[in-house]
Structures are given as structure tokens and as C-alpha cells.
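> mind looking at a prediction? Sequence and model below.
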Amino acid sequence: MTAQDLADALRGRLIVSCQAPPGDPMRETPTLVRMALSAVAGGASAIRANEPEVVAAIVRAVDLPVIGLWKDGDTGVYITPTVRHALAVVEAGAAVVAADATGRPRPDGSTFTELVTAVHAAGALVMADVSTLAEGIAAAARGADLVSTTLSGYVPGTPKQTGPDLDLVTSLSAAVSVPVVAEGRINTPEEAAEALARGAHSVVVGTAITAPTALTARFVAGLTRP
């Protein structure tokens, strides 16, 4: 799939993130595959999935682009942190590899540019997960095929927010020529539509669709407020 093919397939569309955190009852490959199939049945245009085994199973099950990643660790750069992780995701069949493109050091000392080069050589595309405008501009300059706001609010030094960082979506859309993907804390269809209105090429939604444990906890917390 070329970058243009992917852009055409995702323009104005929904990408559903089918993931579950460690220890969650949903974190098993057959369940995540069924989650992806449910997203496809609901009209999703692509799936975002974590870990090579899960990516490979979802690639076999759905006829949509799969954006794969490999989370390793829980601090620092942990979304597809090395070239080795990225190539494993490509080997699993992902059309796109999502990777941390912040300015933080990678655990193996490699650079984001090296990851992009390796993924492109292997025949896949790269989605840069960023937290700031400067990071998004740098990622696009280094060859990323898409830039996503995934890490806004999750990296030390970026402002904490309860909703999506729509200002970052607006800024990135005006600053880079590659598609900008809105991701992170998008909780309602109205917020997703607003992201498109702010210039997002497409929108990723995860927790609000695919995380029953987190959604249940939200309701429980709401009922216990004074």
C-alpha cells in the first residue's frame, strides 16, 4: 500500500484502536480479533493494534489496513521503541507501523530516522506518534507518512488534558504536508467530528469504543461522586 493509497482510504474516516492493558481480561488474541471484527462491522476503516502476535491475527481476520505497534515497557519511549520492534510489526503484516517520534532517547540509541528508513525498506509505512507541534514537524521532515497526536498529554512537559488536544491537531494540520491523525482522549462522536473540522485527516478512537473495563470504572466513579 502506498502512502497515497492509505491517505485515500482513511480520509475523513475512523480508525479503531483494539488494545487492552496488561492484566485486563480483554488482553488475549482471540478477544482482540473479535473486537477488531466488531469495529469493522460498525464501519471502521482501519484497525490499530499492539504486539506482533495480535497484529498478525487481526491482519488475517480483516480486510482493512492494520496500523501495528509494539509496546515494550511503560516509561520513556515504549511505543515501538527500536528498529527491531518495528520490523517485527512489519513481519506480522501491518501496513503501517506506529512509533514514538518524540524527542526522547530510544532505548537502543537509534533514531526515529533510522526506524523510518528500515520500515520503508521493508515495504510498510510509518505513523509518528507525537506530543508537540515541534515533534510533528520534525517527524514529517524525517519521512513519517502520517503524524498522530497520540502522545499529547502523556509525555512529561506536555499539558495534561481531559479531552483531545484539538489545538495540536489544528497546528499540525497547518504545518505539515502529511496526513494528521487525531488520537488521544476522544470520547464522543462530536469530539471526533470536531477533530476533522480542525484539520485532522482521520481519527483514532480506542477506550471509548473498545475498553469495557475502563468504561465501567468511569461509570462507577461517577456514581460515587457526592
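Nice, thanks for sending it over.
> where in the chain is pLDDT low?
Along the chain, the model assigns pLDDT under 70 to no residue.
> in it, which spans are helices?
Using DSSP state H, the helices of the chain run over 3-10, 29-42, 52-61, 83-91, 112-121, 133-141, 166-175, 189-197, 207-210, 212-224.
> need the ones you listed in JSON lines (columns: mean neighbour count).
In short, each C-beta sits where N, CA and C put it, glycine included. Listed next are the helices of the chain as JSON lines, based on neighbours: other Cβ atoms under 10 Å:
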{"stretch": "helix 3-10", "mean neighbour count": "15"}
{"stretch": "helix 29-42", "mean neighbour count": "17"}
{"stretch": "helix 52-61", "mean neighbour count": "20"}
{"stretch": "helix 83-91", "mean neighbour count": "21"}
{"stretch": "helix 112-121", "mean neighbour count": "19"}
{"stretch": "helix 133-141", "mean neighbour count": "20"}
{"stretch": "helix 166-175", "mean neighbour count": "20"}
{"stretch": "helix 189-197", "mean neighbour count": "16"}
{"stretch": "helix 207-210", "mean neighbour count": "19"}
{"stretch": "helix 212-224", "mean neighbour count": "11"}
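> to Val16, which of those helices lies closest?
Of all those, it is helix 29-42 that lies closest to Val16, at 3.8 Å by Cβ to Cβ.
> identify the residues contacting that closest one?
16, 18-20, 26, 47, 49, 53-54, 57-58, 61-64, 209-210 (Cβ atoms under 8 Å, 6 or more residues apart in numbering).
> format the helices of the chain as CSV; extra columns: distance to Thr150.
Conversion of the helices of the chain to CSV gives the following (distance: least, Cβ to Cβ, whole Å):
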stretch, distance to Thr150
helix 3-10, 15
helix 29-42, 18
helix 52-61, 17
helix 83-91, 15
helix 112-121, 14
helix 133-141, 11
helix 166-175, 11
helix 189-197, 13
helix 207-210, 13
helix 212-224, 17
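> for Asp63, give its distance to Ala121.
As judged by Cβ to Cβ, to the nearest Å, Asp63 and Ala121 stand 26 Å apart.
> same deal with Leu196?
Taken as Cβ to Cβ, the span from Leu196 to Ala121 is 33 Å.
> again with Ile79
Where Ala121 is concerned, Ile79 sits at a distance of 21 Å (Cβ to Cβ).
> same question for Gln19.
Counting by Cβ to Cβ - Gln19 and Ala121 are separated by 27 Å.
> repeat that for Met1.
Met1 is 15 Å from Ala121, by Cβ to Cβ.
> kindly report the same for Asp167.
Here Asp167 is placed at a distance of 35 Å from Ala121 (Cβ to Cβ).
> next up, phi/psi of Ile186, please.
phi -90, psi 110 (degrees, to the nearest 10).
> measure stretch 121-140 end to end?
Counting by Cα to Cα, to the nearest Å, you get 17 Å between the two ends of stretch 121-140.
> with stretch 54-71 instead?
With Cα to Cα as the measure, stretch 54-71 spans 12 Å from end to end.
> do the same with stretch 101-115
Start to finish, the residues bounding stretch 101-115 are 10 Å apart (Cα to Cα).
> off-centre distance for it?
Distance of stretch 101-115 from the chain centroid (Cα atoms, centre = their mean, to the nearest Å) equals 17 Å.
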